[in-house]
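Student: how does the following fold in three dimensions:
(2 chains)
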Amino acid sequence: MSKSKTIKEQYPPGDFAIWIIIYVELVTFGLLFLGYAFSRRANLEMFNHSQKMLETTSGFINTLLLVTSSYFVVKAVATIQNMTDNRREEFNKKASKWLLLAMLFGAGFLVNKIFEFSYIFGEGINLSTNKFFMFYLLLTGFHFMHVLLGSVILFNIFQKTRVYGYTLEDHKGIISGATYWHMVDFLWIILFPLVYIIR
Amino acid sequence: MTKTLEIVWIILVGLTIFAYLLGHLHYINSFFVAILLVTTFIKVQLVLNYFMELKNVTGKYRWIPSIWLGIVISLIAVAYYLPVSNTH
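Tutor: Residues are numbered from 1 along each chain as shown, chains lettered A, B, ... in the order given. The predicted structure is shown next:
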């Protein structure tokens, strides 16, 4: 009995295709993070000066929103994984509530980011203003698109829970979608201190 | 199991608040940056292990994202700590 507890999976959870996408994203974002870090090193004063224009509180709120949204998604997945066959509807309904909360927090992130972008663009800043803002707009803009895509994925999963589509045997879809959302979350966890705080 | 998730979430929120407070310091020295990078590493590792459930995976698929994270955080530290030469 105790032996089965220690047996680990050979492959990561969810569809393996989602992990291929994640590995590609890791390389892309990794290069952007390092591009930012080494460009900063070569232009210290300009980076530190430009960074002062960013609203740290906005980045902080967005981190809390994404981390909490990720937590809600974990709860949705755990609900489906713990379902009993004769109470499929009840567990799907419960998971849909967690997913709705996750989507609301994700939407909060997007709205907050739109306000931040509109302030930055309102100041006349664009990709060619300087290297700091080029990296800032590339990193946060690229990440914003990932949050958008993640929200669409969450909405699709949510729709499936509304028709009680997940069973104990077949719920790979929700795990794959959740995995993508967590990736979006941890990329922001690195981006926040790197771009908003370290100076 | 359920409690573990709540504890992970509380740690993530706590470390985020800590990073935010550090960001409000007038002067962030090298020591604080080191702490910031270590806490960032811990936060991402928690998401990988508990939210993405990689702690239940064996072999290379568990370690690929962690190795990526270690390399990225280490190189960010290198970019921050290496002395800047004043050749121009």
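Student: pLDDT below threshold where in chain A?
Tutor: A:1-6 (pLDDT under 70).
Student: now the helices for it?
Tutor: A:2-6, A:16-42, A:44-51, A:56-81, A:88-122, A:131-162, A:172-191 (DSSP state H).
Student: what of chain B?
Tutor: Counting by DSSP H, the helices of chain B are B:2-23, B:30-46, B:60-81.
Student: so which residues make contact with the last one?
Tutor: Contact partners of helix B:60-81, identified using Cβ atoms under 8 Å, 6 or more residues apart in numbering or on different chains, comprise A:10-12, A:19, A:22-23, A:26, A:30, A:33-34, A:37-38, A:40-41, A:190, A:194, A:198, B:30, B:33-34, B:37, B:40-41, B:44-45, B:48, B:52, B:54-55. Glycine gets a C-beta too; all of them are placed from N, C-alpha and C.
Student: check the shortest one too.
Tutor: Counting by Cβ under 8 Å, 6+ apart, helix B:30-46 makes contact with A:186, A:189-190, A:193, A:197-198, B:8, B:11-12, B:15-16, B:18-19, B:22, B:25, B:28, B:66, B:69-70, B:73, B:76-77, B:80-81, all of which sit outside it.
Student: which of those residues are buried?
Tutor: A:186, A:189-190, A:193, A:197-198, B:8, B:11-12, B:15-16, B:19, B:22, B:28, B:69, B:73, B:76-77, B:80 (16 or more other Cβ atoms under 10 Å in any protein chain shown).
Student: please report how far residue B:69 lies from residue B:54.
Tutor: Look at residue B:69 and residue B:54: by Cβ to Cβ, to the nearest Å, they are 11 Å apart.
Student: repeat for residue A:38
Tutor: 29 Å.
Student: what about those two, which has more around it?
Tutor: residue B:54 (24 against 15; other Cβ atoms under 10 Å in any protein chain shown).
Student: that one contacts residue A:14, correct?
Tutor: No - here residue B:54 does not reach residue A:14: they are 11.0 Å apart, not a contact under Cβ atoms under 8 Å.
Student: give me the nearest residue to residue A:176, chain neighbours excluded.
Tutor: Closest residue to residue A:176 apart from its sequence neighbours, by Cβ to Cβ, 6 or more residues apart in numbering or on different chains: residue A:14 at 3.8 Å.
Student: so what's residue B:18 up against?
Tutor: Contacts for residue B:18 (Cβ under 8 Å, 6+ apart) come out as residue B:39.
Student: state the pLDDT value of it.
Tutor: If you check residue B:18, the pLDDT there is 95.
Student: ok, it to chain A distance?
Tutor: 10 Å (Cβ to the nearest Cβ, to the nearest Å).
Student: how near is that residue to residue B:32?
Tutor: 10 Å.
Student: dump stretch A:108-124 to PDB, keeping only the CA atoms.
Tutor: Output of stretch A:108-124 as PDB, limited to C-alpha atoms (Å, rounded to 0.1, in the frame of the first residue of the first chain):
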ATOM      1  CA  GLY A 108      -9.100  42.000 -13.200                       C
ATOM      2  CA  PHE A 109      -5.500  41.600 -14.300                       C
ATOM      3  CA  LEU A 110      -6.300  42.500 -17.900                       C
ATOM      4  CA  VAL A 111      -8.300  45.600 -16.900                       C
ATOM      5  CA  ASN A 112      -5.600  46.800 -14.600                       C
ATOM      6  CA  LYS A 113      -3.000  46.300 -17.300                       C
ATOM      7  CA  ILE A 114      -5.000  48.200 -19.800                       C
ATOM      8  CA  PHE A 115      -5.100  51.200 -17.400                       C
ATOM      9  CA  GLU A 116      -1.300  50.900 -17.000                       C
ATOM     10  CA  PHE A 117      -0.800  50.700 -20.800                       C
ATOM     11  CA  SER A 118      -3.100  53.700 -21.400                       C
ATOM     12  CA  TYR A 119      -1.100  55.800 -18.900                       C
ATOM     13  CA  ILE A 120       2.200  54.800 -20.500                       C
ATOM     14  CA  PHE A 121       0.900  55.500 -24.000                       C
ATOM     15  CA  GLY A 122      -0.700  58.700 -22.800                       C
ATOM     16  CA  GLU A 123       2.700  59.900 -21.700                       C
ATOM     17  CA  GLY A 124       3.800  59.500 -25.400                       C
END
